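Enquirer: model this:
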Amino acid sequence: MGQRLVAKNRKARHEYSILESFEAGLVLTGTEIKSIRDGRVNLKDGYARVVDNELWLRNIHISPYKEGTYYNHEPLRDRKLLVHREQIRRLIGKLQERGLTLIPLSLYVKQNKWAKVELGLAKGKTRHDKREDIASRDAKRQMDRAVKRRMKGEE
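Expert: Here you go, the predicted structure:
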C-alpha cells in the first residue's frame with residue numbers, strides 16, 4: 001500500500017517556478033477525509049501561510065461529503081498543516097524574501113489513512129518566463145519527433 005494521488009495543481013508549475021518542495025500532514029474532520037478519498041478536492045487557488053508559528057492551508061476547496069449530516073464541514077475553511085517546528089522557522093525566513101510563496105502542488109492519501117499535501121516554495125513567473133518554457137517544450141517535442149522518424153527509417 002503506497003500513496004494514491006487525489007488532486008494535482010496543474011497550473012502551479014505553469015504559473016510558478018518551484019524552488020523546493022516538501023510534504024505536510026493535514027488536520028481534518030471526519031467528513032473532510034471522506035470527501036478527499038472520493039477525490040472531491042480543488043487545489044487551484046490554494047496557498048499556505050505562517051500564522052503564529054503555525055502553518056495554515058487556505059483557499060482549498062474540499063466539497064461537503066454527500067452523505068454527511070448537519071455536522072458536515074465548511075468547504076473553504078483554513079486547515080492546519082503538520083510540519084516540524086524547525087521547518088516552519090526555515091520557511092518564515094524564506095517567505096520574507098520578496099516574491100516567494102507556498103503553494104500546494106498535490107494532495108494524496110498515504111496507506112489509505114493519512115492525507116498529505118505536497119507544498120512548493122515558489123516564485124511567480126513573468127510572461128517572458130512562461131513563453132520561454134513553452135518554446136523550449138516545443139523544441140524538445142520537435143527533436144523527439146525527428147529522432148523517432150530517424151529511428152523508423154533505419155529499421
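
Enquirer: so residue 39 touches residue 8, yeah?
Expert: No. Using C-beta atoms under 8 Å, residue 39 is not in contact with residue 8, being 11.0 Å away. C-beta coordinates here come from the backbone N, C-alpha and C atoms, glycine included.

Enquirer: where's residue 86, which helix or strand?
Expert: Residue 86 is part of helix 85-95 when elements are defined by DSSP states H and E.

Enquirer: which other helices and strands contact that helix?
Expert: Judged by 3 or more C-beta pairs under 8 Å, 6 or more residues apart in numbering; DSSP states H and E, helix 85-95 is in contact with strand 47-51, strand 54-58, strand 100-110, strand 114-124.

Enquirer: now the ones you listed as a markdown table including mean neighbour count, distance to residue 151 and mean pLDDT?
Expert: Formatted as a markdown table, the helices and strands packed on helix 85-95 follow (neighbours: other C-beta atoms under 10 Å; distance: least, C-beta to C-beta, whole Å; pLDDT from 0 to 100):
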| stretch | mean neighbour count | distance to residue 151 | mean pLDDT |
| --- | --- | --- | --- |
| strand 47-51 | 17 | 45 | 87 |
| strand 54-58 | 17 | 46 | 89 |
| strand 100-110 | 20 | 34 | 89 |
| strand 114-124 | 19 | 36 | 88 |
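
Enquirer: so which of those strands is nearest residue 83?
Expert: Checking those against residue 83 by C-beta to C-beta gives strand 54-58 as the closest, at 5.5 Å.
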